[in-house]
Each structure stands twice: as C-alpha cells, then as structure tokens.
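S.K.: everything below, folded, please.
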Amino acid sequence: MNFWKRLFGSEETEDNAAEQTVENSAQAPAQAEAPAPTRFAGVTTPSNELADAGERLISACLTTLERVDIEPKPAVELADIEDAVLDDLDMFRRRPLTTMMALRDPSEELIFSHVYVDDNDKVRATPEDLVEYLDEVATAAGSDVYIIDLVVFPDPDTPNHGSLRFRKGEWDVHDISYELDPDFGDVEAEAKFASAVSCPGRTAYTFEAAYHTHPVTVWVNEQEAYATNFRAAVEAELEAH
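M.R.: Numbering: from 1, shown residues only. You can find the predicted model right below:
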C-alpha cells in the first residue's frame with residue numbers, strides 16, 4: 001500500500017490539525033530572512049489529497065527541525081524517515097514533531113543529530129556511571145571532542161558524594177556535585193549535564209516524551225529566529241495530547 005495512504009488513510013481531521021500546528025511553527029518571524037530549501041526539497045510528492053497532506057506534515061516537521069539546526073545524520077535518506085515513522089505511526093499522528101526527533105533506524109541509532117533519548121533503565125549509582133553518561137550526552141550534543149581534563153573528586157568521608165569536574169574548550173570549567181543514592185542515583189546532577197556540554201550558540205531543551213524512560217533532550221540553535229516557534233510547537237504538542 002502507498003506509504004502516504006497507510007500513514008494518512010484515516011483520522012484526517014486529527015492529522016490536519018497536527019499539520020497546522022507544525023506548519024505554524026515553521027512560519028518565519030517578520031524579521032527573519034527567507035530560509036534555504038531543506039535537505040529533502042524537491043523529492044517527488046504523492047498525487048492524491050491525503051498523500052499530499054501526509055507529505056506536507058513530514059516536510060513541515062523537517063523544515064522546523066532544520067531551522068533550529070536539528071538535521072538528519074548524513075547517511076539518512078527520506079525513505080529511512082518514512083520507515084521509522086511507520087514503526088511509531090499512532091504516536092506520529094498525535095505528536096509529529098516530538099516523535100520525529102526521537103526516531104531510530106533499524107540499528108537503533110537516532111536518525112537526527114543533536115538529539116539525546118535516554119531509554120536506559122540502569123540506575124547511575126557510581127561516579128563511573130556518571131562519567132559514562134557524560135560521554136553519551138556530550139557525544140549527542142556534538143561537544144565530546146571539546147571535553148577535556150575530566151576529574152572525579154570523591155568525598156573521602158562519604159564515597160557516594162563528590163563532584164565531577166571537566167573543562168569544555170579552553171576556558172569553560174564545570175564542577176557538578178553529586179550525591180549518589182544506590183537505588184536512584186542523582187537525577188538532579190544528571191539534569192545539569194545537558195546544559196554543561198552545550199556547544200557555543202546552542203541551548204539544551206529537555207521535554208517529556210511518550211514511551212521513553214527519561215526526557216528527550218535536543219540542542220537547538222538559539223541564535224536562529226525560529227527557536228521560539230520551535231519550542232512553542234513542542235509545548236503545543238505535549239499539551240494537546
């Protein structure tokens with residue numbers, strides 16, 4: 001069956017409402033320059049009405065993400081995105097933008113850059129766990145090559161307490177304290193990592209997402225005029241469903 005008919009063969013009203021929400025987020029502020037064509041611009045679109053609606057929604061999502069510098073990884077093709085959408089079809093119909101950001105390929109690798117989805121059920125209860133988590137988050141943020149001079153300073157009297165210190169780039173030093181509970185780790189310390197590893201010009205934005213153990217984090221280009229619209233679109237999706 002045609003991909004677009006499978007995607008949008010029912011629930012047309014709901015799909016059109018989702019499309020309108022995402023397309024509104026892609027509208028350029030009055031002072032913004034016209035955006036460059038997206039990476040998948042020019043791809044042949046289906047001809048029937050429902051197929052056109054589906055194509056517009058996926059295109060609107062891609063446009064919105066690209067405008068805040070969240071793009072598919074280099075090897076990703078449009079067909080890969082379509083296949084991943086079909087794997088999570090019901091959620092995409094309800095939350096197209098937030099679902100698209102967390103899409104994975106058949107190898108379970110995230111399709112989009114500058115996105116981190118923490119679906120690990122493991123409790124990070126040791127300093128070594130925190131160091132591993134820092135590496136995961138920094139790699140997703142694209143700043144792993146800039147993280148240097150990483151040192152763990154455990155409290156000599158309380159082994160599960162201490163701080164993790166590292167330098168990002170030449171001058172940006174971060175010291176994150178932790179108090180690790182054996183059953184829960186230190187969620188507050190973990191929450192500080194995303195912001196600490198942000199590349200210059202990017203801001204970490206974390207939101208709750210369905211079917212994920214922990215929140216999803218994206219690093220958006222806050223210098224872009226579309227960043228405010230992007231955040232509003234994400235919040236609208238989460239509030240609507």
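
S.K.: shaky segments in this protein?
M.R.: Judged by pLDDT under 70, the chain has its weakly predicted residues at 1-54, 210-213, 241.

S.K.: quick check: phi and psi at the residue of it positioned farthest from its centre.
M.R.: Using Cα atoms, centre = their mean, the residue of the chain lying farthest from its centre is D157. It sits 39.0 Å away. The phi/psi pair for D157 (degrees, to the nearest 10) reads phi -90, psi -20.

S.K.: now do the one 4 residues further on
M.R.: Main-chain torsions, H161, degrees, to the nearest 10: phi -110, psi 150.

S.K.: going along the chain, name the strands of this protein.
M.R.: In the chain, strands defined by DSSP state E lie at 115-117, 147-154, 161-168, 172-179, 202-207, 216-221, listed in chain order.

S.K.: go through the ones you listed and pick out the most buried.
M.R.: strand 216-221 (a mean of 23; mean count of other Cβ atoms under 10 Å). C-beta coordinates here come from the backbone N, C-alpha and C atoms, glycine included.

S.K.: which residues touch that one?
M.R.: Here strand 216-221 makes contact (Cβ atoms under 8 Å, 6 or more residues apart in numbering) with 68-70, 98, 101-102, 114-118, 137, 140-142, 194, 198-199, 201-209, 227, 230-231.

S.K.: among these, name the ones in helices.
M.R.: By the criterion of DSSP state H, membership of those in helices covers 98, 101, 137, 140-141, 194, 227, 230-231.

S.K.: from those residues, pick the one nearest V187.
M.R.: Using Cβ to Cβ, A194 comes nearest to V187 of the ones in helices among the contacts of strand 216-221, at 12.5 Å.

S.K.: I'd say the closest one and A138 touch.
M.R.: No. Here A194 lies out of contact with A138, judged by Cβ atoms under 8 Å, at a distance of 9.5 Å.

S.K.: tell me, how many residues neighbour L110?
M.R.: By other Cβ atoms under 10 Å, the residues close to L110 number 20.

S.K.: spatially nearest residue to it (excluding sequence neighbours)?
M.R.: Nearest non-adjacent residue to L110, counting by Cβ to Cβ, 6 or more residues apart in numbering: R104, 5.8 Å away.

S.K.: check the gap between the one you found and H214 for me.
M.R.: The spacing between R104 and H214, counted by Cβ to Cβ, to the nearest Å, is 15 Å.

S.K.: ok, back up a step: list the contacts for the residue nearest to L110?
M.R.: R104 neighbours (Cβ under 8 Å, 6+ apart): 84, 110-111.

S.K.: do the same with T126
M.R.: T126 makes contact with L180, according to Cβ under 8 Å, 6+ apart.

S.K.: again, but for F184
M.R.: Taking Cβ under 8 Å, 6+ apart as the test, what F184 contacts is 123, 125.

S.K.: what separation do you get for the residue nearest to L110 and D186?
M.R.: Distance from R104 to D186, by Cβ to Cβ: 27 Å.

S.K.: keep only those of the contacts of R104 that are in helices.
M.R.: Checked against DSSP H, these include these in helices: A84.

S.K.: got CSV for the contacts of R104, with distance to K122 too?
M.R.: Converted to CSV, those look like this (distance: Cβ to Cβ, whole Å):
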residue, distance to K122
A84, 25
L110, 18
I111, 23
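
S.K.: between the contacts of R104, which is closest to D172?
M.R.: Each of the contacts of R104 was checked against D172 using Cβ to Cβ; the closest is L110, at 25.5 Å.

S.K.: returning to what we had before: Throw the ones in helices among the contacts of strand 216-221 into JSON lines and include distance to S59, thanks.
M.R.: As requested, the ones in helices among the contacts of strand 216-221 are exported to JSON lines (distance: Cβ to Cβ, whole Å):
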{"residue": "T98", "distance to S59": "17"}
{"residue": "M101", "distance to S59": "15"}
{"residue": "V137", "distance to S59": "30"}
{"residue": "A140", "distance to S59": "25"}
{"residue": "A141", "distance to S59": "26"}
{"residue": "A194", "distance to S59": "29"}
{"residue": "A227", "distance to S59": "20"}
{"residue": "F230", "distance to S59": "16"}
{"residue": "R231", "distance to S59": "20"}
